[in-house]
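Peer 1: okay, structure incoming, though there's no sequence with it:
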Ligand code: HH2
C-alpha cells in the first residue's frame, strides 16, 4: 500500500490487475485491451452522424470486433469541447437498442456504455452492457449506486469542469499529481459505494479540461497513473492535441499520430486503449507488446 491507500503496482509490467466487467474477465498486463469507439450521435468530433441508425451502428460494432476490439464503447452524447447535453430519454433511445442487439448477437464482445447519467447506465446495464464508462466519474449522485447494484465494470475518468466549458483556460499547479490524486480518491469513493476494486478502471481524461502541455505531461507520466494499481484506460484517439502537433485538421487523418500515442501508452503499461481505428491500433499494440516482452510469445 502507498500513502494513498492504493495497492502497490507490480514491478512486472506483464502481470497486471484483473478487471471484471459482468461476464467478462480481463487479465491485464500482457495483451492490451482495445476498446473500439461507437458514437451513436449526430455531433461527435470524429464520427458524428455516421452511426445514428441502429443497423449501421451494429454493423460497425461487429466490424470493430472483427478488427480486434475486445470492448465496444457505445456513446449517445458527444462530450467534445463545447458540446451541449441531451436528456436521458434521448440518450437511452439512441444507445439501448444498439447495446441490446450487440449483447444478443455478439456475446463475446464486452459492450460498454459511455454515459454520465445514471438513468442511461441503468437502462444500458439492463440491456446487457458489461461496463459503464463515466467521463464525469460519478458526479450523477445515483451513478455509483446503479453500478454497485450490478456486476458491471466502471471507468472513472478525470475531467476539469464539464464539456461545455472545460477548454476555457484550464489550470493546474501540477496536472499529473492532481489527476492522480483525483483518481485515487474516486477509486476509494467507488469502493466505499460497494463497487469491488476489481471492477474499477481509471482514466486521466486526455483532452478533458487540459491544454496541449497538460495532455503531454499526462502521457509522458502515465506510469504515475499505472502506479495506482488499478487498470488504466487512455483515449488519445484522433484528438485535437494530435492535430496540433502534426498540423492535421481532419480527425480521420490523425491515425498515424494516434498510433504514436498508443505505442507510447502500451510501452508504459497502459492496460486499455480507447480508439476509433481498431485494426491499426491493435497491430500497434501487438508489436509493442512483443518488444516489451522481448519475445514473440
Ligand atoms: N474521450 C471521449 C469520449 N469518451 N471516455 C474515456 N474513458 N476516455 C476518453 O478519453 C474519452 C471518453 C471523446 O472522444 P469521442 O467519443 O470520439 O468524441 P465525442 O465525445 O465527440 O463523442
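Peer 2: Yes, it's here. Quick caveat, the model's predicted, so the values are computed rather than measured.
Peer 1: alpha carbons only for contacts and neighbour counts from here, please
Peer 2: Noted.
Peer 1: return the list of helices and strands in contact with the longest strand belonging to the chain.
Peer 2: Secondary structure of the chain per DSSP state E: the longest strand is strand 33-39. When contacts are defined as 3 or more C-alpha pairs under 8 Å, 6 or more residues apart in numbering; DSSP states H and E, strand 33-39 packs onto helix 54-67, strand 71-75, strand 272-275, helix 278-293.
Peer 1: so what's the gap between it and the chain middle?
Peer 2: In terms of C-alpha atoms, centre = their mean, to the nearest Å, the centre of strand 33-39 is found 8 Å from the chain centre.
Peer 1: quick revisit: could you provide the helices and strands packed on strand 33-39 in CSV, with additional columns for mean pLDDT, distance to the ligand and mean neighbour count?
Peer 2: Below are these laid out as CSV (pLDDT from 0 to 100; distance: least, C-alpha to the nearest ligand atom, whole Å; neighbours: other C-alpha atoms under 10 Å):
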stretch, mean pLDDT, distance to the ligand, mean neighbour count
helix 54-67, 96, 14, 18
strand 71-75, 98, 7, 25
strand 272-275, 98, 7, 26
helix 278-293, 98, 13, 18
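Peer 1: pLDDT wise, what is residue 1 at?
Peer 2: You'll see residue 1 listed with a pLDDT of 39.
Peer 1: related to what we said a few turns ago, turn the helices and strands packed on strand 33-39 into JSON lines, columns for distance to residue 91.
Peer 2: JSON lines is the format used below for these (distance: least, C-alpha to C-alpha, whole Å):
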{"stretch": "helix 54-67", "distance to residue 91": "13"}
{"stretch": "strand 71-75", "distance to residue 91": "8"}
{"stretch": "strand 272-275", "distance to residue 91": "21"}
{"stretch": "helix 278-293", "distance to residue 91": "24"}
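Peer 1: residue 73 is in contact with residue 114, correct?
Peer 2: Yes: between residue 114 and residue 73 there is a contact at 6.1 Å, judged by C-alpha atoms under 8 Å.
Peer 1: joint contacts of these two?
Peer 2: When contacts are counted by C-alpha atoms under 8 Å, 6 or more residues apart in numbering, residue 114 and residue 73 have residue 133 as shared neighbours.
Peer 1: coming back round to it: the helices and strands packed on strand 33-39: which one's closest to residue 184?
Peer 2: strand 272-275 (17.9 Å; C-alpha to C-alpha).
Peer 1: the closest one - contacts with which helices or strands?
Peer 2: For strand 272-275, the packing partners by 3+ C-alpha pairs under 8 Å, 6+ apart come out as strand 33-39, strand 233-234.
Peer 1: thank you kindly, that will do.
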